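Asker: okay, structure incoming, though there's no sequence with it:
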C-alpha cells in the first residue's frame, strides 16, 4: 500500500495540471456520488407504469391511445423529413432499382432478426440468450436487472458494453424507414414496432445497461422519432403502440435531463448528443409536461457546446475524424429539426457546423470520399441515411455543406440521400459548387494537409487544450490514387484484454518516432493521457508554382526522459510521386529510438542493408530510409503476426482487426540523431539518399534536389528544388531562424 502512494500522488498532480483542478474535483465528486448510491435513489428501478404516458403528460391531454393519437395529429410539430408523397419518388429515383434492391436486402435481414454491429459484422441479436443485454459474438451478457450505476462497462466476465449498446441505439430503424418509403413494404414498420416493444419490455426504467449512458439514450430517441414520422400511417403504427413509445420517450428524456452532469464532465460529443435528445423531445412532444424545459435545456447545451467544441478553423475537440462525423450528424439533425419546427438554433451554431464540414472536406480523399482513420474510432454512425460505405464521408460532408452554404459539394450520387432526408428534395436541386481542395493549415486543431493532384498527406502537430485520444503527435497519413499508403492503426476496441485494450492508441502504433521505449505522454487510467505534450509548427512553406511544399513541426513529449529529447519532423511533398520525411531527435547523450511506418498491406520485398522496402503498390512503390547518428540499426517488417501484436495490425471498423504492413527502423541514437524516409510512389522515379541530401530523377527530365542542414533550436534548414516533367521549376527554402 505504501509503495502505491507516490504513484497515486503523481497521478493526481498530473491530472490536475492537464485537466484543471476544477474539472478534477468535479469528476472525483461525481464518482463519489455514483458510488454512494445517490443516483440509485434518485433514479429508482421500477416497472413500467400500466399507463406510462400518463406520468409524463400534461393534465389537458388524454393518455387514452386513440385520443392521444388525435391530439398529436392536430398539434404535431413539423419534422425535417418532408411529406412521404413528395420524398419517396425522389428517393426511388436517386437509388434506382439496384439501390432499392440493396436497401430491401438490408431491411429483409433486419426483419429476420439479423442486426449489423458497427457497420461491419452481423448477428441474430435477439436469438442469443439475454437478448438486449448480450454480446451475440461471445455469448457474454450484462446483468439485466441491476441498476444502471451497477452495470460495468467492461469486465472479463461481462465483456465490452459497446456490443450491448450498439443494437440499443436502434440504427436499424433508419434502414427500415428508408426501405419502407422506397418499397411500401408493410413488413418493415412491423419489424420496427416489434423490436421497439421488445426493448421496452426488457428494459424497465433505470434498469440495465441501456439506461447507463445519456448519449446512448439520446441516439435511441433520435432513431425512435425518425421511425415515428416515417411509419406514420403504416398499418403497424397503431395508437396503442404510439402511446406506449411516447411514454418510454418521456421516461428516457427525464433520465437525460436530470443526470447531464456526467456528459458535461466528458467535454465531448456526449454533451452534444444529450442536447440533441432533449431538443428533439422538447420540440416534437410539446404535450409532455417537461417539454419546454427539455427544449430550452437542449438549446442551451447545443449553443454553448458548438463554440466550445468546434474551433474557428473547423477542427473538433475530440481529435478524431469519426467523432467529428458524430458531431456533424448531431448538429445536422438539431439544425434541420429546429428550422422545420420554426424554432431555429442561433446562427452561430450553423456557422461553426459549416466550418466543421469544410474542415473534413479538406481532409478527404478525392477518389473514395474517405478521410484518415485518425483518432479514436468507436464505429459510431449516428445517421445511416445512405447506401455508401461506413468509411465514405461524402454523405455527411455533402449534407452539412449543403445546409451551411446552400450548394451541393459533389456530382450526383448515392451520397445525396442523406441530404434528401435531412434537408428535403430541394437540397438536391442546389447548384454544385464544391470548390477545389487545397493544402490546409488548421492551427487551432493542429492539422496540416499537403495536397497534390493525385494524393495528399496529413500531419498532426498540436499543443493539447483538451484531453488527447491517442499519443500520436507528428503522425503522418499518406494517400495516393485513392490508396491509404501510410495509415493510422485505428482503435479496434476500447475494452478488451491486453494488448487490445487501447494498444493501437500508443505512440509505437503510429507513423512517428518512439524514443526510449516510451509513449509521447504518460498513460493514465481508462482513456486518460497525462503530462500532455506541447508542440509547435512553422507555417506551411510552398513554392510559387505549388508543386512543392514543406511542413515542419516539433513536440516536447520526450523532454521528460533522461536524457531529454525533442522530436522535430519535416515533411516535403514534391509533385505527386515523392514524399520525404526528416525526423530529427535533438538533445545530448544517447537514447533508444524507433521509427514506424504502418502501410497498406501489399506484397513486399525488404532490403534492410540497402535501406529499402519495395511494395507491390502502383507497380512498384518504394520506401527508402537512411539514419544519421544511430548505431546498431535494425530494420524489420511484420504483417498480421499475433506474436508481435498490436504491431502489424489496424482496425477500420470497431471490433474488427486486419493485418497491416509495419516497417520499423530502430537503433541507439547518439544525439542529435536523424531518420530520413523517402516514399517513391511512381516506379518511373528513382531516389538516392546521401548523408544530408536526397536526389531523385523521374521521366522527361523531372528531378528533385533536397539539401538538409543540421538541426538547431530554431529549426532544421531545408533547401529543395523540384522540376516537374514539363520543365516547371519550383523551390522551397527553410532557414533555421
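Answerer: Cool, got the structure. It should be emphasised that the depicted structure is a prediction, and the values quoted were computed from it without experimental measurement.

Asker: which strands or helices does the host helix or strand of residue 484 pack on?
Answerer: Element membership of residue 484 [criterion: DSSP states H and E] is strand 483-486. Contacts defined by 3 or more Cβ pairs under 8 Å, 6 or more residues apart in numbering; DSSP states H and E place strand 483-486 against strand 476-480, strand 590-599. C-beta coordinates here come from the backbone N, C-alpha and C atoms, glycine included.

Asker: run the last query once more with 6 Å
Answerer: If contacts are counted by 3 or more Cβ pairs under 6 Å, 6 or more residues apart in numbering; DSSP states H and E, strand 483-486 sits against strand 476-480.

Asker: now do the strand it packs on against strand 590-599, angle only.
Answerer: For strand 476-480 against strand 590-599, the angle by axes from the mean of the first three to the mean of the last three Cα atoms, to 10 degrees is 30 degrees.

Asker: what's the weakest-modelled helix or strand in the chain?
Answerer: The weakest-scoring helix or strand in the chain, judged by mean pLDDT, DSSP states H and E, is helix 5-19 (a mean of 79).

Asker: enumerate the positions of it that are buried.
Answerer: Buried residues in helix 5-19, counted by 16 or more other Cβ atoms under 10 Å: 14-15, 18-19.

Asker: cool, stretch 389-405 as well?
Answerer: 390-405.

Asker: between those, which is nearest residue 725?
Answerer: Closest approach to residue 725 among those (Cβ to Cβ): residue 394, at 31.4 Å.

Asker: figure out the helix or strand that the residue nearest to residue 454 when sequence neighbours are not counted lives in.
Answerer: Spatially, and ignoring its direct neighbours in sequence, residue 454 is nearest to residue 576 (4.1 Å; Cβ to Cβ, 6 or more residues apart in numbering). Secondary structure assignment for residue 576, by DSSP H and E: no helix or strand.

Asker: surely residue 576 and residue 456 touch.
Answerer: No. Using Cβ atoms under 6 Å, residue 576 is not in contact with residue 456, being 9.7 Å away.

Asker: of the two, who's got more company?
Answerer: Higher neighbour count among residue 576 and residue 456: residue 456, with 25 against 18, using other Cβ atoms under 10 Å.

Asker: wasn't that one part of a strand?
Answerer: Yes. According to DSSP: H, G, I helix; E, B strand; the rest coil, residue 456 belongs to a strand.

Asker: isn't it right up against residue 479?
Answerer: Yes. With contacts counted by Cβ under 6 Å, residue 456 reaches residue 479, the gap being 5.4 Å.

Asker: next, the most centrally placed residue in the chain: secondary structure please.
Answerer: In the chain, the C-alpha nearest the mean C-alpha coordinate belongs to residue 322, at 1.5 Å (Cα atoms, centre = their mean). Following three-state DSSP, we place residue 322 in the helix state.

Asker: now the residue nearest to it when sequence neighbours are not counted: how far from residue 470?
Answerer: Using Cβ to Cβ, 6+ apart and skipping residues adjacent in sequence, the residue nearest residue 322 is residue 377, 4.4 Å away. From residue 377 across to residue 470, the span is 10 Å (Cβ to Cβ, to the nearest Å).

Asker: neighbour count: these two, which is higher?
Answerer: Neighbour totals were compared for residue 377 and residue 470, and residue 470 leads with 28 against 24 (other Cβ under 10 Å).

Asker: need phi/psi at the closest residue to the more buried one other than its chain neighbours.
Answerer: Computed as Cβ to Cβ, 6+ apart, the closest residue to residue 470 that is not its neighbour in sequence is residue 505, at 3.8 Å. Dihedral pair for residue 505: phi -90, psi 0, per degrees, to the nearest 10.

Asker: can you show me the helices along the stretch 301-450 of the chain?
Answerer: 321-340, 347-362, 394-405, 416-423 (DSSP state H, counting those that start in this stretch).

Asker: my guess is residue 118 meets residue 654, correct?
Answerer: Yes. Contact criterion Cβ under 6 Å: residue 118 and residue 654 qualify, at 4.0 Å.

Asker: more neighbours: these two, which one.
Answerer: Higher neighbour count among residue 118 and residue 654: residue 654, with 26 against 19, using other Cβ under 10 Å.

Asker: in this structure the more buried one contacts residue 381, no?
Answerer: No. With contact taken as Cβ under 6 Å, residue 654 and residue 381 are classed as non-touching, separated by 10.2 Å.

Asker: scan the chain for its longest helix.
Answerer: For the chain, the helix with the greatest residue count under DSSP state H is helix 84-111.

Asker: sheet-wise, list the partners of whichever helix or strand comes after that helix with their directions.
Answerer: Of the helices and strands lying after helix 84-111 in sequence (DSSP H and E), the nearest is strand 115-117. Using DSSP bridges, strand 115-117 pairs in its sheet with strand 121-123 (antiparallel).

Asker: contacts for the strand it pairs with, please.
Answerer: With Cβ atoms under 6 Å, 6 or more residues apart in numbering as the test, strand 121-123 has contacts from 114, 116, 136.

Asker: and for the last one, the neighbour number?
Answerer: Just to be clear, that refers to residue 136. The local packing of residue 136 (other Cβ under 10 Å) involves 24 other residues.

Asker: do the first one as well
Answerer: Neighbouring residues of residue 114 were enumerated by other Cβ under 10 Å; the total is 17.

Asker: which residues does it contact?
Answerer: Contact analysis of residue 114 by Cβ under 6 Å, 6+ apart lists 122, 124.

Asker: at 10 Å instead, please
Answerer: Residues in contact with residue 114 (Cβ atoms under 10 Å, 6 or more residues apart in numbering) are 106, 108, 122-127, 136, 172.

Asker: can you list these in TSV and add pLDDT?
Answerer: Output for these, formatted as TSV (pLDDT from 0 to 100):
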residue	pLDDT
106	97
108	97
122	89
123	88
124	82
125	77
126	73
127	61
136	93
172	97
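
Asker: right, I'll call it a day here.
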